[in-house]
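Enquirer: Okay, sequence plus prediction incoming.
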Amino acid sequence: METEHPTPAEIVASIYHLLTRILLLLPIKSLTRFKSVSKEWLSLISDPAFCHLRNPNPNPAIGLFFPSDEPHRWLSLPFRANRSIPPPFRSSEFTRDSLGFRIIQSCNGLLLCISTPRSHKNPKYCVYNPTTNCFSELPKPNERFVFSNAVCRMSLAFDPAMSRHYNVVCLSVLSVGVNSGNKVFQIRLYSSETGSWQLCGEPFEALLNFDNGVYWNGAVHWLGSGKGDSFYFNIDTQVLDKMPKRPGRQGWNNRTDYYFGESCGHLHLTEMTGPSIGFNVYEMRRDYSEWFIVHKVNLSSVVYSNPEMVVGRAYEFWLCNLVFSVLAIIRGEREEDSFLVMQLPGKAIRYNLVSKTSENLPVLEDTDTIERCLRYPGIHQGFQYIESLSCV
């Protein structure tokens, strides 16, 4: 009786280290599909050590997520016509018994989200990987603690180049200062490595609401409004400190919209000031000594190609007469690949920060909803989608 010989594919699959080296060369999208090949492949690709080897550094974002009118549906905007982005929370237990969910923050491939139960009880928070469609619900610091939008400000801190684990910073409002009227906050820090919360420092007063936190340089950052103070909280030292004042031209009022975000290890800020048809893109130095100009953006060519963005008198091409908002600043692997994403009336464009050229981004499936969503005021309009195998 002849002995059955293993096929070449079976031999390769049986050699664990060789299989690992081959799989590490594949695109992340392919790896998510290959999890269904066998239990062995599922175990290997899901292993935190493999995920860390595949993504030792965060990839550049390939698109943005946006909210829609439907509570369980989010829309996506890819940066390339030939790319597709999976919708977040597809068939997820986290949203199954909820009135809807909201993305709070995007951080190096992971999303911090909040869900409101149908019972109208306290909301639930989770850390979610949209690439793998896996999530982990955050526990409460203690039984008496109440998760509430009114008393909690949550921010995610994750850098796969530093650790496979993530942290969540919670600033809870304890009271309001009797004399100052400022809120009194207490910082708590959650670690996915230990699965527990810890108190950090003493309660403190601040005028800032600590919304829209941005993780960069080992710390979570919050931008103050106008001339107000901006803060950052270092995860390792657990120290809260002030950032340099926001740049801006004296004697001119800023537009109410601006962009504050991180990309590939760079913290960016745009300020819209003065009688100008352009604006500056600033970057924070890693020693927190200053904001410095990294790009100057002139919108003349964009206005010429898109006259619908001009309101009021057609010859007054000042920022206050232009309808647009900056949705993202993305740093490429090369400097000439860096670009920003802007919302114009009825469309979104990609503007190269080096060549000063622009192109329309792919049309989204729900134009009316997207137009209105992209016009929301505030800092973050879209949340970066970064492909990642990181475990939650």
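Expert: Structure received.
Enquirer: that's a helix at residue 131, yeah?
Expert: No. Under DSSP: H, G, I helix; E, B strand; the rest coil, residue 131 sits outside any helix and is assigned coil.
Enquirer: ok, it to residue 336 distance?
Expert: 27 Å (C-beta to C-beta, to the nearest Å). All C-beta spots, glycine's among them, are computed from the backbone N, C-alpha and C.
Enquirer: Just want to know which of these two has more residues nearby.
Expert: residue 131 (22 against 11; other C-beta atoms under 10 Å).
Enquirer: and residue 41, helix, strand or coil?
Expert: Recorded secondary structure, residue 41: helix (three-state DSSP).
Enquirer: Next one, pLDDT for it please.
Expert: pLDDT, residue 41: 77.
Enquirer: what about the spatially closest residue to it that is not a sequence neighbour, neighbour count?
Expert: Sequence neighbours aside, residue 34 is the residue nearest to residue 41 in space, at 5.7 Å (criterion: C-beta to C-beta, 6 or more residues apart in numbering). Residue crowding around residue 34 was assessed by other C-beta under 10 Å; the count is 15.
Enquirer: Strands along the stretch 251-392 of the chain, start to end?
Expert: Assigned by DSSP state E, counting those that start in this stretch, the strands in the stretch 251-392 of the chain fall at 259-263, 266-271, 278-284, 291-298, 325-330, 339-344, 347-352, 358-360, 383-385.
Enquirer: wait, is residue 49 part of a helix?
Expert: Yes. Residue 49: assigned to a helix according to three-state DSSP.
Enquirer: if I look at it, how far off is residue 174?
Expert: 41 Å.
Enquirer: Now tabulate the strands of the stretch 251-392 of the chain in JSON lines and tack on mean neighbour count.
Expert: Shown next, in JSON lines, are the strands of the stretch 251-392 of the chain (neighbours: other C-beta atoms under 10 Å):
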{"stretch": "strand 259-263", "mean neighbour count": "22"}
{"stretch": "strand 266-271", "mean neighbour count": "22"}
{"stretch": "strand 278-284", "mean neighbour count": "19"}
{"stretch": "strand 291-298", "mean neighbour count": "15"}
{"stretch": "strand 325-330", "mean neighbour count": "24"}
{"stretch": "strand 339-344", "mean neighbour count": "23"}
{"stretch": "strand 347-352", "mean neighbour count": "19"}
{"stretch": "strand 358-360", "mean neighbour count": "14"}
{"stretch": "strand 383-385", "mean neighbour count": "25"}
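Enquirer: Next, format the ones you listed as CSV and append mean pLDDT.
Expert: CSV is the format used below for the strands of the stretch 251-392 of the chain (pLDDT from 0 to 100):
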stretch, mean pLDDT
strand 259-263, 91
strand 266-271, 90
strand 278-284, 90
strand 291-298, 91
strand 325-330, 88
strand 339-344, 87
strand 347-352, 88
strand 358-360, 88
strand 383-385, 90
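Enquirer: Just put those strands in CSV and tack on distance to residue 141.
Expert: What follows is these, written out as CSV (distance: least, C-beta to C-beta, whole Å):
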stretch, distance to residue 141
strand 259-263, 27
strand 266-271, 28
strand 278-284, 30
strand 291-298, 34
strand 325-330, 33
strand 339-344, 37
strand 347-352, 39
strand 358-360, 46
strand 383-385, 25
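Enquirer: Quick one: closest of those strands to residue 63.
Expert: Among these, the nearest to residue 63 by C-beta to C-beta is strand 383-385 (4.5 Å).
Enquirer: for that closest one, packing partners?
Expert: Applying 3 or more C-beta pairs under 8 Å, 6 or more residues apart in numbering; DSSP states H and E, one finds that strand 383-385 makes contact with strand 63-67, strand 98-107.
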